[in-house]
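# show me how the following folds:
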Amino acid sequence: MRLKSLLNPKSFSHRKTGDRHRDSREWKQAAAAYRKHLVSYPDDAAIWIQLGHALKESGDLAAAEQAYDRSVSAAPNEPEGRVHLAHVLKRQGKHTEALQSFRGASRAGADDLGDEIGMLMKVVQSDLPLTKAKNVYLFSLQDMFFYLGVHSTMSGIQRVQAGITLALMEMPDVDVGFILTDFSELLENGSFWLMQNSDVKAMIEYAASAQVDHSRLRKLLAACEHSATPVFAGTDNTIVLSGAFWGLNNTIDRYLPAKRAGARLAAYIYDIIPISHPEFCEAELTREFITGIGELCLICDYILTISDYTRTILDKFLAENGVRKVPTATVPLAHSLTGPPGDIQVWPKSMQKLRGREFVTYVSTIEGRKNHAYVVNVWRKLIEQGVDVPDLVFVGRKGWRINGLLDLLDGTRNLGGRVHIVHDLTDAELNAVYENSLFTVFTSFVEGWGLPVGESLLHHIPCVASDTSSIPEVGGDFVDYVDPESIQTGVDVIGRMITDRAYLGSRKQNIVDNFKPRGWDDVARLFVEQMKAHADLPIAPALLPTLAEGLQFRPGDLREIRAALIGYITTPSRLMIAENFYGPERWGAWMRGRYGEISFQTSLPEGTAITAYVGLNAAPWCNACHTTLYFAGRRGAEARAIPGVEIEENGLFRLSGEVGPDGVCRVAIDVEGDYELPLGEPRDFVLGLTGIGYARRSNLEARADLLESFTFGAASTAPISAG
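Numbering: from 1, shown residues only. Just a heads-up that it's a prediction; the model follows:
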């Protein structure tokens, strides 16, 4: 954006002269003319920028820096001067100052600075001060940032995180910070990016505002990242995973180094539906969720849940599957939206033809678990009985397992035009939909909470909901309940709400008179109380997964998608390599950089002589490198390649040593020599792990089985089991 001059029409002479010399590339003459102009008009930010350009082109970078700096002083809220200042600082090798100037420009609204900031952060990483996190409680918002980078509106989990985050910021007696995992690949293990609370607040408030422009939202997300400072989390810190712990760059391995450094780790769990009801979830989600919950329970200190139902079913599941007992407690959710108050309403453009007409609303992602087909079939039955039914509005994005519903709607032409599907509504639009609904429905088979039920009550709108799982905890006596397996109960209950308006009015009045909503400040206060209560418990050790003697661990197996993966809960084997390897691929996993460790628990006594077998893949650019394998912290021989294997392509190495203290083994891989990564490759790797196994040196049968498994691909750890 070009800054406007402060000149009046009579004062163009020096400026025009400067512009004429500039256009002729006569830089020294242009600079002299601009200086004369600025004597009379020292606050003309646009001409300070032009002076900076002229000085830069004439080779006087130091003077150009001063000119650009004066433009920033004259117009501190404009990004243009900051951008030019950053570029001239970068040309002078002042990378830290350039980074700060680019960050300031981004906060002021400049576009497309992410690459510049990212590159400078890599250059100045050694200059970034790494300090111990002063905040006692560090809430990770990594999954929220990942999600909002793709979507312009928040789903249920993001609403919860937003509500708790804003409420925590208003609590003067709580020492809390908000962190991201290392989006830049710059930080040491155990470190995070600590954001400025003011930046986070501005981003959340905009994301929950009446109208959200996604490009503007992404700028606010970037502003949070660009002003973040690196911190190290350890003793005296509690890291709280308040959202999705199974994906979106928020997986447990990113917190394991901090846990090993003495930090507590807590998680807020919404449900375990991918485990308890996998039939309602995609196989990939089930795999990721079970991977996450197994790893979480191995190292976390305590778990908070959003409902008593979720806590009860989680405790039962962990006990039945022999998982380490993790302390749990309930912090129930609020009934309110995270966004503008209910009186701030915007009628959705996608629902213009429904304005002034009666309709019933179902707010939820449209997926099989939510049981939308149940409501459609109830409407069909009522129509057959001659009931004049209102329109039915589904508010939510289309998800999975809904082919039957879509076929039903297609075959009935959306029940003759009575069914409408809308999505991506802002909170203000959703407020309008709730307020104008005759009543709402929520007939889900199973929930961890059931936020739309509470939202409906908050707007004093009656709700018909399932009588299952956690939903009665949300609705209490203010909701009319149905059996989600029985269409007839839906016909009876929903039919009464439609035809008996006196009854519907009485249910609404009961909500108005007696319903006391729980707000996010209540949730945040209870959250803090639970964190303080659990602070007196001994810190849980950062345990390692167990690798049984004679079995091979293959990272590629972790990418398998099966119908059930319960076996991984008790053996979360990915944590053997999580700290030093990139994510698993079908063939295995690449090691980060030049050094890595594979760490696992055994059942053998310390000092037991063992032989380990390690399968490695070499990247094409590692020809000049030398690799050494050894047992970290124990005496033993360096690894030797087993004869008959082409080491340059697929290496199988044999390593002799002893079991370490407490039955732990750590196999170290060290790479020396130069290598050059291909252009555009963002990761730094030279070796990849295809598999590892061990056996007592005296156990010849187990050693033979391991060799056979490496040769023919049998007898892996098989952490993924049926059932």
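# run through the helices of the stretch 251-400 of the chain in chain order.
256-260, 273-276, 283-299, 308-320, 372-384 (DSSP state H, counting those that start in this stretch).
# straight-line length of stretch 568-583, end to end?
17 Å (C-alpha to C-alpha, to the nearest Å).
# what comes up buried for that stretch?
568-581 (16 or more other C-beta atoms under 10 Å). C-betas here are computed from N, CA, C, even on glycine.
# domain-wise, how is the chain divided?
9-127, 131-330, 349-517, 552-712 (automatic domain parsing).
# would you list these in CSV and tack on mean pLDDT?
Shown next, in CSV, are the domains of the chain (pLDDT from 0 to 100):
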stretch, mean pLDDT
domain 9-127, 85
domain 131-330, 89
domain 349-517, 94
domain 552-712, 84
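# out of those domains, which gets nearest to Ala540?
In terms of C-beta to C-beta, the element of those nearest to Ala540 is domain 131-330, at 4.7 Å.
# surely Phe685 and Ala589 touch.
No - assessed by C-beta atoms under 8 Å, Phe685 is found out of contact with Ala589, at 9.4 Å.
# neighbour count winner among these two?
Ala589 (25 against 22; other C-beta atoms under 10 Å).
# the more buried one contacts Gly691, doesn't it?
No - Ala589 lies out of contact with Gly691 (C-beta under 8 Å); the separation is 10.3 Å.
# overlap of the contact sets of those two?
Pro555 (C-beta atoms under 8 Å, 6 or more residues apart in numbering).
# ok but Asp670 is inside a strand, no?
Yes - with DSSP: H, G, I helix; E, B strand; the rest coil as the criterion, Asp670 is located in a strand.
# what is the burial count for it?
Neighbours around Asp670, by other C-beta under 10 Å: 15.
# excluding its backbone neighbours, what's nearest Asp684?
Leaving aside its chain neighbours, Asp684 sits nearest to Gly593 (5.0 Å; criterion: C-beta to C-beta, 6 or more residues apart in numbering).
# separation between Gly417 and Ser364?
For Gly417, the distance to Ser364 equals 22 Å [C-beta to C-beta, to the nearest Å].
# the stretch 351-500 of the chain: strands as residue ranges?
359-363, 391-395, 419-422, 440-442, 463-466, 480-482 (DSSP state E, counting those that start in this stretch).
# buried deepest among the ones you listed, which one?
Ranked by mean neighbour count under mean count of other C-beta atoms under 10 Å, the strands of the stretch 351-500 of the chain are led by strand 440-442, which reaches a mean of 29.
# for that one, packing partners?
strand 359-363, helix 451-458, strand 463-466 (3 or more C-beta pairs under 8 Å, 6 or more residues apart in numbering; DSSP states H and E).
# still on that earlier bit, distance to Leu438 and mean neighbour count added to the helices of the stretch 251-400 of the chain, as CSV?
Below are the helices of the stretch 251-400 of the chain laid out as CSV (distance: least, C-beta to C-beta, whole Å; neighbours: other C-beta atoms under 10 Å):
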stretch, distance to Leu438, mean neighbour count
helix 256-260, 51, 21
helix 273-276, 30, 20
helix 283-299, 34, 22
helix 308-320, 29, 17
helix 372-384, 13, 20
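# can you put those in JSON lines and add distance to Leu405?
Shown next, in JSON lines, are the helices of the stretch 251-400 of the chain (distance: least, C-beta to C-beta, whole Å):
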{"stretch": "helix 256-260", "distance to Leu405": "41"}
{"stretch": "helix 273-276", "distance to Leu405": "18"}
{"stretch": "helix 283-299", "distance to Leu405": "19"}
{"stretch": "helix 308-320", "distance to Leu405": "25"}
{"stretch": "helix 372-384", "distance to Leu405": "5"}
